[in-house]
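1. any chance you could fold what I've pasted below:
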Amino acid sequence: MSSLDDFDTSLVEGLKNGDQDSYKKLVVVYWEKMNCLARRLLNDSSAANDCVQEALIKAINKIDDFEGKGSFAGWLRRIVVNEALMALRKKKSRKEDSIDNLMHEFDEMGMYSQPYNGDPISLDVLQESEEVRMQVRLAIDKLPDIFRLTLVLRDIEGYTTKEVAEKMDATEQNVKVRLHRARLALRNILAPVLREEAG
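-> Residues are numbered from 1 along each chain as shown. Model (predicted):
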């Protein structure tokens, strides 16, 4: 049984039949949602636009592969994620950027240099207000690519550690370490906001 709503069922049928109006509807309805995801992954508006354009073209070309077992939006999101990862792989520098400048608690030996209070931040606790959500988005944008991608895929998009590892050509242990460090860095960046919210 299909999990699609009436609009997506009609849209998919139209795309499979080559209906021009369905192409337009696809862009009108899904462009901004997919663009938000691409911007979070790529941290670059122009690259995000290119990514979404490529993803939508791929979706149209591969529409016969969509069987309706999951949501159409979820299927599109997976295509956007894959396009974003390919775009990042094409970047000239594959060197993993350092996150150390965001990790104030660590000294050069990797040990805590300040007393550590609390757990790494969980994004779930930061969804109370629009102001906090905006601060979270800005903080995530400050993370280096590899850490931002790991965090977005695991904590926001809900991929499993194993799925993130496969998408990023990494081990599950690498993903766990990157995720832990990304959450710690995010906690440091957001410390002033958290103090304000608590106060």
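2. can we go C-alpha only for contacts and neighbour counts from here?
-> OK.
3. in this structure residue 23 contacts residue 17, no?
-> No. Counting by C-alpha atoms under 8 Å, residue 17 is not a contact partner of residue 23; they are 10.6 Å apart.
4. can you pick out the residue with more neighbours from the two?
-> residue 23 (17 against 12; other C-alpha atoms under 10 Å).
5. only the buried residues of the longest helix along the chain, if you could.
-> Criterion DSSP state H: the longest helix present in the chain is helix 172-198. Buried residues in helix 172-198, counted by 16 or more other C-alpha atoms under 10 Å: 172, 175-176, 178-190, 193.
6. so what's the gap between it and the chain middle?
-> Centre-to-centre, helix 172-198 and its host chain are 16 Å apart (C-alpha atoms, centre = their mean, to the nearest Å).
7. the host helix or strand of residue 132 - contacts with which helices or strands?
-> Using DSSP states H and E, the element containing residue 132 is helix 130-141. Helix 130-141 is packed against helix 20-42, helix 172-198, with contacts defined by 3 or more C-alpha pairs under 8 Å, 6 or more residues apart in numbering; DSSP states H and E.
8. residues in contact with the residue nearest the centre of the chain?
-> The chain has residue 152 as the residue nearest its centroid, 3.6 Å off, counting by C-alpha atoms, centre = their mean. Contact analysis of residue 152 by C-alpha atoms under 8 Å, 6 or more residues apart in numbering lists 40, 41.
9. hmm, 7 Å instead?
-> Shown in contact with residue 152 (C-alpha atoms under 7 Å, 6 or more residues apart in numbering): residue 41.
10. how is it assigned, secondary-structure-wise?
-> Secondary structure, DSSP: H, G, I helix; E, B strand; the rest coil: residue 152 is helix.
11. ok, so what distance separates it from residue 66?
-> 24 Å (C-alpha to C-alpha, to the nearest Å).
12. any regions of the protein where pLDDT drops low?
-> Counting by pLDDT under 70, the chain shows low-confidence ranges at 1-4, 92-129, 193-199.
13. and it, what are its domain boundaries?
-> Taking automatic domain parsing as the criterion, the chain consists of the domains 6-90, 100-198.
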